[in-house]
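[1] 3D, please:
(chains A and B)
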Amino acid sequence: MKAGMQMTAITTAPLDQEALVRALDTTGIGGVTVFLGLVRDHNKGRTVLYLDYEAYEPLALRGLDVIVAESRERWPDVRLAIHHRIGRMEIGEASVIIAAASPHRADAFSASRYAIERIKQIVPIWKHEYFEGGDVWIEGATADPENVDARQEALRIACA
Amino acid sequence: MRVTVRLFARLRDIAGSGELTREAPAGADVRAVWQSLVADYPELSAYEKSISCAVNADYSRFSAEVADGDEVAFLPPVSGG
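    Reported below is the predicted structural model:
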């Protein structure tokens, strides 16, 4: 990573994928994948109006760092950057961006997929969904970074 | 002793605040702090089996002892991404 941009971040500011990719050190790199998670206009039959994301910020940032370290164990040559936005986001806005730079494309795709699966398992961030007719907190996985089965499942999906 | 409790998402809504100060006896563990919260906010009990906890912004266990001044956080199932 070049100066001025962190590998991992929790931010209320709009995510800038071009700046993140530019900040990656591409020495020896043959491919970069960029995954954007967007606010979708529907969920479980509901018409979504907007999402408001909340985080336990210090632990969420630590969780992103754990994911980068786990990725490095499995894909040592991949350089991974993860930025997650919090606060209110409108339909179509990016809530998360994962950039993975790798000498070879397969590892970039795998590390990127691993990262998004792990975010959904262990990073303390919550979606508050506002839809036509009400609002609801979305609740997914019970966060437990030491759950080996969950980590194995993320690896399995990443390498499928 | 006194600990700061942090609550998020639906847990925060139930308690009406994201940050509470609680008294706890010396030697109390995270579970005791949780149980004292449930006593005040019975709706929280629905989360007994699905929450995670953190002490001083690091994931912890319900059996972990807490110390005076600690920040104890209770986290409902996460939904980032």
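
[2] and the pLDDT at the residue lying closest to A:L49 once chain neighbours are set aside?
    In space, and not counting its chain neighbours, A:L49 is closest to A:Y130: 4.8 Å by Cβ to Cβ, 6 or more residues apart in numbering or on different chains. Any C-beta I mention is one placed from the backbone N, CA and C, and that applies to glycine too. What the model reports as pLDDT for A:Y130 is 98.

[3] number of nearby residues for A:Y130?
    Counted with other Cβ atoms under 10 Å in any protein chain shown, residues neighbouring A:Y130 total 15.

[4] and the lowest-mean-pLDDT helix or strand in chain A, what other elements does it pack with?
    Every helix and strand in chain A was compared by mean pLDDT, DSSP states H and E; the lowest is helix A:17-23, with a mean of 93. Counting contacts by 3 or more Cβ pairs under 8 Å, 6 or more residues apart in numbering or on different chains; DSSP states H and E, helix A:17-23 packs against strand A:31-38, strand A:79-85, strand A:94-102.

[5] and the next helix or strand past the second one?
    Stepping forward along the backbone from strand A:79-85, the first helix or strand reached (DSSP states H and E) is strand A:87-90.

[6] doesn't A:I116 lie inside a helix?
    Yes. The assignment for A:I116 by DSSP: H, G, I helix; E, B strand; the rest coil puts it in a helix.

[7] near chain B, which residues of chain A? Just list them.
    Neighbours of chain B within chain A, by Cβ under 8 Å from any Cβ of the partner chain: A:37, A:53-56, A:58-60, A:62, A:84, A:95-96, A:116, A:119-128, A:137-146.

[8] and the strands in chain B?
    Per DSSP state E, chain B carries strands over the ranges B:2-7, B:19-23, B:52-55, B:58-60, B:71-75.

[9] quick one, longest helix in chain B?
    If you go by DSSP state H, chain B has its longest helix at helix B:30-40.

[10] show me what counts as buried in it.
    B:30, B:32-34, B:36-37 (16 or more other Cβ atoms under 10 Å in any protein chain shown).

[11] quick one: mean pLDDT for it?
    97.

[12] neighbouring contacts of that helix?
    Applying Cβ atoms under 8 Å, 6 or more residues apart in numbering or on different chains, the contact partners of helix B:30-40 are B:3, B:5, B:15, B:20, B:22, B:24-25, B:44-45, B:48, B:51, B:53, B:55, B:60-64, B:66, B:72, B:74.
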